[in-house]
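Undergrad: Sequence and predicted structure, then a few things I'm wondering about:
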Amino acid sequence: MMSDYMLSIEGKVVIVTGGGKGIGRVYCRELAKAGCKIIVADIDDDANAETVAEIRDAGGEAITATTDVSSEPATQEMVTKSINAYDRIDGLVNNASLMSVLERRDWQLIPVDEWDRVQEVNMRGVFLCCKAVYPQMKKQGGGAIINISSGRFWSGTPNRLHYSTSKAGVIGLTRSLAREIGPDNITVNAITPGFTLSDTQVSSSGNYAKNNAPPADRCIQRHQYPEDLCGAVMFLLSPGAGFISGQTLNVDGGQHMH
């Protein structure tokens, strides 16, 4: 039987990008409940402050680090602030992305500047955040990086080609980076969430998703919520996952099987 130690993440210092709202806020809140010290790294100052206040009101520990993940200086400053506050970085959850604000449209109608911005945030942002935390993780003897991809990688969902492409790229980055920094005892894994009813998703869809049935091909016949993803994140941050790297963990109630 696995000991409690193998699954404990208490005391770990974890950066969560896009942590100000939506699924990211839930990651921050639940990781703090599990005893992590959280750096809420969102581009939105007010959202950052709200997440930190929620964590502190519940007795947890968190700081803000307002960050545009597509900016290298901003990601470096995020890491500097984290180290100044906690002296180490045990985990990085690359959650920040552009999706709910994107208009559904035929691929030929996607403006080039919109395509570029999605790649800047969803792909370059992951690269820059990994690059920023790497020196500290190497220095301290290890760490865990979790890259949030998407179930759209498996299904090839139409009408958001730029988003699906960026999330496929996250899988490739995860696998290659795992090989490059594995010798430094740093794990790199990805999670592919199914369609998740976060507050931002519900508001952007005009409650359509909330008021309709879950996908018929999902084994577990209910809607997916942000809390359904937290167990996977916690496990990949834990000592029990210390020999798992380069993998993609699909969390979608059994809609896609691989």
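TA: Received, thanks.
Undergrad: can you pull out the strands in the protein?
TA: All strands of the chain, identified by DSSP state E, fall at 13-17, 37-41, 61-64, 91-94, 143-148, 186-193, 248-251.
Undergrad: quick one: which of those strands is nearest residue 231?
TA: strand 248-251 (8.2 Å; Cβ to Cβ). C-beta: built from backbone N, CA, C; applies to glycine.
Undergrad: Nearest to residue 136 among the strands of the chain would be which one?
TA: Of the strands of the chain, nearest to residue 136 by Cβ to Cβ is strand 143-148, at 7.8 Å.
Undergrad: Adjacent strands (with direction) for that closest one?
TA: Strand 143-148 pairs in its sheet with strand 91-94 (parallel), strand 186-193 (parallel), by DSSP bridges.
Undergrad: what angle sits between that strand and strand 13-17?
TA: Orientation check (axes from the mean of the first three to the mean of the last three Cα atoms, to 10 degrees): strand 143-148 against strand 13-17 gives 20 degrees.
Undergrad: Compare the strands of the chain and give me the one nearest residue 85.
TA: Here strand 61-64 is closest among the strands of the chain (Cβ to Cβ), at 5.3 Å.
Undergrad: Can you list the strands that the closest one pairs with?
TA: strand 37-41 (parallel).
Undergrad: Return the set of buried residues in the partner strand.
TA: 37-41 (16 or more other Cβ atoms under 10 Å).
Undergrad: Go through the residues you listed and say which is closest to residue 220.
TA: residue 38 (28.6 Å).
Undergrad: Nearest spatial neighbour of that closest one, chain-adjacent residues omitted?
TA: residue 62 (4.0 Å; Cβ to Cβ, 6 or more residues apart in numbering).
Undergrad: Could you report the neighbour count for the one you found?
TA: For residue 62, the tally of surrounding residues (other Cβ atoms under 10 Å) stands at 25.
Undergrad: contacting residues for it?
TA: The contact partners of residue 62, by Cβ atoms under 8 Å, 6 or more residues apart in numbering, come to 28, 32, 37-40, 51-52, 55-56.
Undergrad: one more time with 10 Å
TA: 14, 16, 19, 28-29, 31-32, 36-40, 48, 51-56, 85 (Cβ atoms under 10 Å, 6 or more residues apart in numbering).
Undergrad: Tell me the buried residues within the residues you listed.
TA: Buried subset of the contacts of residue 62 (neighbour count, 16+ other Cβ under 10 Å): 14, 16, 19, 28-29, 31-32, 36-40, 48, 51-52, 54-55.
Undergrad: Residue 187 against residue 241, yeah?
TA: Yes - using Cβ atoms under 10 Å, residue 187 is in contact with residue 241, at 6.7 Å.
Undergrad: Between these two, which contacts overlap?
TA: 144, 146, 247.
Undergrad: The first one touches residue 243, doesn't it?
TA: Same thing as residue 144. No - the pair residue 144 and residue 243 fails to qualify as a contact (Cβ under 10 Å) at a distance of 11.6 Å.
Undergrad: and among the strands paired with strand 143-148, the most buried is which?
TA: Comparing the strands paired with strand 143-148 by mean neighbour count (mean count of other Cβ atoms under 10 Å), strand 91-94 comes out on top with a mean of 28.
Undergrad: With adjacent residues omitted, what lies nearest to residue 5?
TA: residue 239 (6.6 Å).
Undergrad: can you tell me how far the one you found sits from residue 107?
TA: 43 Å (Cβ to Cβ, to the nearest Å).
Undergrad: Same check on residue 185?
TA: Distance from residue 185 to residue 107, by Cβ to Cβ: 41 Å.
Undergrad: Quick one: mean pLDDT over stretch 50-63.
TA: Summarised as a single mean, pLDDT over stretch 50-63 is 98.
Undergrad: Next, the distance between the ends of that stretch.
TA: End-to-end distance of stretch 50-63 (Cα to Cα, to the nearest Å): 11 Å.
Undergrad: can you give me the offset of it from its chain's centre?
TA: The gap between where stretch 50-63 is centred and where its chain is centred comes out at 19 Å by Cα atoms, centre = their mean, to the nearest Å.
Undergrad: One more: stretch 236-245?
TA: 16 Å.
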